[in-house]
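Peer 1: What follows is a predicted structure for the sequence shown.
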There are 2 protein chains.
Amino acid sequence: MHRLTRINTVLIGTTHPGNIGAAARALKVMGLDRLSLVSPENYPSPEARARASGADDVLSASRICLDLDEAIGDAQWVFGTSSRSRGMNIPMLDMHEAAKKMIAAAGQGQSVAMLFGKERYGLTNEEMQRCHYLVKYPANPQYPSLNLAAAVQLAAYEIRVACLNEGDRTEMTSDLVTRPEICDAGKMQSFYQHLFSTMQEIGFLHAKNKVSMTEKFRMMFNRMNIETHEMDMLRGFLSAVNKNLKK
Amino acid sequence: MHRLTRINTVLIGTTHPGNIGAAARALKVMGLDRLSLVSPENYPSPEARARASGADDVLSASRICLDLDEAIGDAQWVFGTSSRSRGMNIPMLDMHEAAKKMIAAAGQGQSVAMLFGKERYGLTNEEMQRCHYLVKYPANPQYPSLNLAAAVQLAAYEIRVACLNEGDRTEMTSDLVTRPEICDAGKMQSFYQHLFSTMQEIGFLHAKNKVSMTEKFRMMFNRMNIETHEMDMLRGFLSAVNKNLKK
């Protein structure tokens, strides 16, 4: 079950501390133990501890992060839970399929981050842009209001089931299992900084198009699952461009 | 989804009213709406209503029963959730299999009851003896302490998935993104020519590394399935680089 420890659950901007405690319990009951909290509100809190019940060890070991990039820095794969894609071109999976991919990746020694947005709004567009996959729950369209800790519970359950069913290796998608080392989110983030600053320098990126353009470039390159040696080439190309620009 | 309304969730002797509210929400979010409460403690309660969130209609419509036999009177099939069979000779299923059986029965017009025992102890031996099947969750043996509402959420989820898998999956997949137009090989080829000539101009590509480098860049970008509007951006970026190079 070592694979379960390579999956990091990231709760972003959680409003109700009770949900954080309940999420810790939901993870532990399925054998997961990595929890990161990005700017949680009203936390730490006795309510979180009460709802965690016997899972206060998971709560105590959770990492509090100032921003999302810090929380996902070591992850090769980022999955975001969302009820809709908001028109973004990110592949969407159901939780069952997503869990199989996560376990396959973890079986290769890769790290996985699974993001849950604020209770009321879910992930923002900017947060979604960090994701390789979006994960959809089969909720009732008339009342899709899945509680945050319940969403964590369903994900943890499917991940544990995928782990227990690992016999079915043939079902695993080959894009995850045979690939060499993939860049983690930290490496991708510094690539984007390098790319966007170069774009700005040559006037390709400016105040008017900055938001939409950086969004599209992120989504395109995230889809690519860039290997670390390929990243070295991309960075080398950008550095060569930088050196050859007019002053 | 009529089949979902033939499945009655029965909570027996629930101690914390918050769990009753959270269970109502867990059901409604998966399209279930029948809830029976056998001798609930401290109920009705504002805490139940708060945790039900927008599912107070399910709560209000729930049936309060004096004993279990009253609650399951109309059911052809009774499923009991339990972490162990306690040596009783009742067939045990995992939640996924159980949900398929429930939906199959409901599809025949039969009624199904699904029992959840008291938070701390689960079903008593006497309650188990009412069951045709026991349902087991794949919990962490070191910490099998699944919260009651979380257990209801997992069951409701598997029931909905079984229902969607049996009927048409359109509801689940309807908002999957359909991919826009992907670049053909001709467009990719002129992109590579543009990229490689730029690389040559800035000295990043030279006689010694040309073959291996161009091959690696091709493989990386081919994997990407670039859309035509993304290609316009990439070409725009390269053109901006070209214009800003030292002569």
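Peer 2: Alright, I've got the coordinates. Numbers count the residues shown, from 1 in each chain, chains lettered A, B, ... in the order given.
Peer 1: Domain boundaries for chain A, per the record?
Peer 2: A:2-177, A:185-243 (automatic domain parsing).
Peer 1: now the strands for chain A?
Peer 2: Assigned by DSSP state E, chain A shows strands spanning A:7-12, A:34-38, A:63-65, A:77-81, A:92-94, A:112-116, A:133-136.
Peer 1: for those strands, which one sits closest to residue B:110?
Peer 2: strand A:92-94 (27.5 Å; C-beta to C-beta). Using the backbone N, CA and C atoms, a C-beta is placed for each residue, glycine as well.
Peer 1: Paired strands for the closest one, with orientation please.
Peer 2: Its sheet considered, strand A:92-94 pairs with strand A:133-136 (parallel) by DSSP bridges.
Peer 1: if we can go back for a sec, can you tell me which of the strands of chain A is most buried?
Peer 2: Compared across the strands of chain A, strand A:112-116 shows the largest average neighbour count, a mean of 27 (mean count of other C-beta atoms under 10 Å in any protein chain shown).
Peer 1: Return the distance of stretch A:58-75 from the chain's centre.
Peer 2: Chain-centre distance of stretch A:58-75: 11 Å, with C-alpha atoms, centre = their mean, to the nearest Å.
Peer 1: now it: mean pLDDT?
Peer 2: The average pLDDT for stretch A:58-75 rounds to 95.
Peer 1: Buried ones in it, by neighbour count?
Peer 2: A:58, A:59, A:62, A:65, A:68, A:71, A:72, A:73, A:75 (16 or more other C-beta atoms under 10 Å in any protein chain shown).
Peer 1: picking that back up, can you tell me which of the domains of chain A is packed in deepest?
Peer 2: domain A:2-177 (a mean of 20).
Peer 1: Now do the contacts for residue A:83.
Peer 2: Each residue near residue A:83 by C-beta atoms under 8 Å, 6 or more residues apart in numbering or on different chains is listed here: A:122, A:136, A:137, A:139, A:144, A:146.
Peer 1: ok, now with 6 Å
Peer 2: When contacts are counted by C-beta atoms under 6 Å, 6 or more residues apart in numbering or on different chains, residue A:83 touches residue A:144.
Peer 1: Using JSON lines, please lay out the buried residues of stretch A:58-75 together with distance to residue B:188.
Peer 2: Below are those laid out as JSON lines (distance: C-beta to C-beta, whole Å):
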{"residue": "A:58", "distance to residue B:188": "47"}
{"residue": "A:59", "distance to residue B:188": "50"}
{"residue": "A:62", "distance to residue B:188": "45"}
{"residue": "A:65", "distance to residue B:188": "39"}
{"residue": "A:68", "distance to residue B:188": "33"}
{"residue": "A:71", "distance to residue B:188": "36"}
{"residue": "A:72", "distance to residue B:188": "31"}
{"residue": "A:73", "distance to residue B:188": "33"}
{"residue": "A:75", "distance to residue B:188": "30"}
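Peer 1: Nearest to chain B, out of those: which one, please.
Peer 2: Lowest distance from chain B to these (C-beta to the nearest C-beta) belongs to residue A:58, with 9.4 Å.
Peer 1: show me what contacts the closest one?
Peer 2: Here residue A:58 is in contact with A:24, A:27, A:28, A:33, A:35 (criterion: C-beta under 6 Å, 6+ apart).
Peer 1: Not counting residues beside it along the chain, what's closest to the third one?
Peer 2: Looking back up the chat, that one is residue A:28. residue A:55 (4.0 Å; C-beta to C-beta, 6 or more residues apart in numbering or on different chains).
Peer 1: Residue A:206 too?
Peer 2: residue A:200 (7.6 Å).
Peer 1: any idea how far that neighbour is from chain B?
Peer 2: Separation of residue A:200 from chain B (C-beta to the nearest C-beta, to the nearest Å): 10 Å.
Peer 1: pLDDT wise, what is that residue at?
Peer 2: 95.
Peer 1: Relative to residue A:247, which of the strands of chain A is closest?
Peer 2: strand A:77-81 (38.2 Å).
Peer 1: Packing partners of the closest one?
Peer 2: strand A:112-116, strand A:133-136 (3 or more C-beta pairs under 6 Å, 6 or more residues apart in numbering or on different chains; DSSP states H and E).
Peer 1: coming back round to it: in helices only, show me the contacts of residue A:58.
Peer 2: Applying DSSP state H to the contacts of residue A:58, the entries found in helices are A:24, A:27, A:28.
Peer 1: Any figure for the gap between the second one and residue A:98?
Peer 2: Put plainly, it is residue A:27. 16 Å (C-beta to C-beta, to the nearest Å).
Peer 1: do the same with residue A:162
Peer 2: Residue A:162 is 9 Å from residue A:98, by C-beta to C-beta.
Peer 1: same thing with residue A:89?
Peer 2: Here residue A:89 is placed at a distance of 17 Å from residue A:98 (C-beta to C-beta).
Peer 1: now swap in residue A:84 and tell me
Peer 2: 16 Å.
Peer 1: where does chain A come near chain B, residue by residue?
Peer 2: A:26, A:28-29, A:31, A:54, A:85, A:92, A:138-140, A:143, A:145-146, A:150, A:153-154, A:157, A:160-161, A:164, A:202, A:204, A:220, A:224, A:230, A:237, A:240-241, A:244-246 (C-beta under 6 Å from any C-beta of the partner chain).
Peer 1: quick one: residue A:110 and residue A:78 touch, right?
Peer 2: No: with contacts counted by C-beta atoms under 6 Å, residue A:110 stays clear of residue A:78, the gap being 11.3 Å.
Peer 1: residue contacts, the residue nearest in space to the middle of chain A?
Peer 2: The centre of chain A sits closest to residue A:78, judged by C-alpha atoms, centre = their mean, with a distance of 3.0 Å. With contact set as C-beta under 6 Å, 6+ apart, residue A:78 has these partners: A:72, A:113, A:130, A:131, A:132, A:185.
Peer 1: Repeat that for residue A:49.
Peer 2: residue A:56.
Peer 1: swap the cut-off to 8 Å and go again
Peer 2: A:21, A:56, A:59.
Peer 1: quick one on the thing from earlier: tell me the pLDDT of the residue nearest to the centre of chain A.
Peer 2: 94.
Peer 1: cool, and residue A:179?
Peer 2: 58.
Peer 1: go on, the one 4 residues further on?
Peer 2: According to the predicted model, the pLDDT of residue A:183 comes to 89.
Peer 1: Next, it: phi, psi?
Peer 2: phi -60, psi 140 (degrees, to the nearest 10).
Peer 1: again, but for residue A:43
Peer 2: Torsion angles, degrees, to the nearest 10, at residue A:43: phi -140, psi 140.
Peer 1: Noted, bye for now.
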